[in-house]
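In: I need the structure of the sequence given here:
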Amino acid sequence: MNSTRREQTPNILMIVADDHRHDCLHGDRVKGPATPTLDHLAENGTEFTGARIMGGDTQAVCVPSRAALLTGCGSRRALATPHSSDFRERQCLAPDRVLLGEALGQAGYRTHVVGKWHNDPAALNRCFQSGDALFLGGMSEHENPTLHAYDPSGRYETAKAKPADGFSSELFANASIDFIEKTKTNDAPFFLYCAFTSPHDPRTPPAKYRERYDDEKLVLPANFLAQHPFDNGELNVRDEQLESTPRDPAALRRHRGDYYGMIEHHDHQIGRMIAALEQSGQLENTIIVYVSDHGLALGSHGLMGKQNLYEHSIRVPLIMSGPGVPVEQTATRDVYSHRLMATLSDLANVTVPTTVDTASLWPTEKTDSEYHYAHYFDMQRMIKDKRWKLIRYQVDGTIREQLFDLANDPHELDDLISDPATQPHRNRLSAALEKWWASYV
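Out: Residues are numbered from 1 along each chain as shown. The predicted model follows:
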């Protein structure tokens, strides 16, 4: 089989999930969700198993993470006022950053958005020429969500949003399929950005999909804990109140059954979208990207949300397939998910905007960084290399650190911060973290 496939200017279908953990793929309905569509996509492209986000300065981590995806920049540089006390201001994309859809549109692409948008409305219209079935906000009920039509004025007045009849993932897939079918006779390539609200809570999968998961048979992750061992600064955030503490294993299996059902259901909707591409004769010339805005704890380390820097919350699934993408490859190296903007620009033969501060995912390690960083507000900061990971907490004036050997402890259960033998690694990572933080804020 050829390692790459590339002929003409490719279409791009970018699918963004909400709260999808990196390790909740390729499951057997016991240890994880069944994802046959994403499995097939990975088999016919490249799966980046070390993809991760940089975090941000808001409890709604999706805001800075999506900003990074759309700008190709670190989360603070992607936003206009990341430190603002006004949450609406913290959502605004930096006006001096060229957006992914904006760059592709200027290069002749027809750009279209469907689904969730959790940044400012003005940036939505700057990024996309058209759209449909738009949810503006962080979360909502999945049954009959309130959606906007594309508003050329960019105002998106609340009163104009209308309840839609159906389930969110199906509605977003339907709108995407409608766009795909309308573009089959269009000579211009398209960039279709479809952002699901799944599997974000409230996790209410259709009964057909929920019934596929027997709670009693579900296996909890190796790092499940009844409660987090210390105050990380965000133990009382909304996400952590979704289940009582100490965490009950039976309750967490129920949460996971809901979560897995949501993922398998939206996996099926992605399959419908891919089928529409094939039926319209556009599949072979379409790059397909699947990525999540962040992960989720869901019982790991005694936590429920994403307001932490453990692997389950900052690593994300990232799968690419289509023209120019290596086939049948699994890339295990650490990469930032927001390198997608440079990558897609390269694959589309579009000049990467000078405002982008990351390189394409190819050529492989030549563009990779020695260290990867993330933060959550100022209270949690993280650095890792290919093996070691340091997390620093600063809560109520007290500093605490954790050190993990990910090569031997991928679930981050054995904190080696007090082991004399690991002090050289601690000192090296700590110095690099301080240097990065001084330049990043």
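In: now for the worst-scoring helix or strand of the chain on mean pLDDT, which elements pack on it?
Out: Taking mean pLDDT, DSSP states H and E as the measure, the chain has helix 87-90 as its least confident helix or strand, at a mean of 91. Secondary-structure packing of helix 87-90 (3 or more C-beta pairs under 8 Å, 6 or more residues apart in numbering; DSSP states H and E): no helix or strand packs against it. Where C-beta positions appear, they are placed from N, C-alpha and C, glycine not excepted.
In: buried stuff in the very next helix or strand once past that helix?
Out: Sequence-wise, the next helix or strand downstream of helix 87-90 (DSSP states H and E) is helix 100-106. Within helix 100-106, the residues that count as buried by 16 or more other C-beta atoms under 10 Å are 100-105.
In: from these, which is closest to L347?
Out: Of all the buried residues of helix 100-106, L104 has the smallest distance to L347: 10.9 Å, by C-beta to C-beta.
In: so the closest residue to the closest one other than its chain neighbours bridges to which residues?
Out: Spatial nearest neighbour of L104, chain neighbours left out: F191 (4.6 Å); criterion: C-beta to C-beta, 6 or more residues apart in numbering. Following DSSP bridges, F191 is listed with bridge partners I12, T111.
In: quick check: the closest residue to G32 other than its chain neighbours vs Y373, distance?
Out: Distances taken as C-beta to C-beta, 6+ apart put C24 closest to G32, at 5.1 Å, once the chain neighbours are dropped. Here the criterion is C-beta to C-beta, to the nearest Å. By it, C24 lies 24 Å from Y373.
In: who has more neighbours out of these two?
Out: C24 (26 against 20; other C-beta atoms under 10 Å).
In: quick one: that one is in a helix?
Out: No. When classified by DSSP: H, G, I helix; E, B strand; the rest coil, C24 is found to be coil rather than part of a helix.
In: identify the residues contacting it.
Out: When contacts are counted by C-beta atoms under 8 Å, 6 or more residues apart in numbering, C24 is found next to 32-33, 35, 259-260, 263, 317.
In: narrow those residues to just the buried residues.
Out: By 16+ other C-beta under 10 Å, the contacts of C24 give 32-33, 35, 259-260, 263, 317 as buried.
In: for R254, grab the count of nearby residues.
Out: 17.
In: look up how far D187 lies from P246.
Out: Per C-beta to C-beta, P246 is found 60 Å from D187.
In: more neighbours: those two, which one.
Out: Using other C-beta under 10 Å as the criterion, P246 and D187 rank with P246 on top: 10 against 7.
In: now for that one: which residues touch it?
Out: So P246 contacts 226-227, 302 (C-beta under 8 Å, 6+ apart).
In: cool, and S360?
Out: 339, 342-343, 345-346, 352, 367.
In: just the buried ones from these, in ChimeraX syntax?
Out: Buried residues within the contacts of S360, by 16+ other C-beta under 10 Å, are selected in ChimeraX with:
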select :339,342,343,345,346,352
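In: how near is K306 to G45?
Out: K306 is 26 Å from G45, by C-beta to C-beta.
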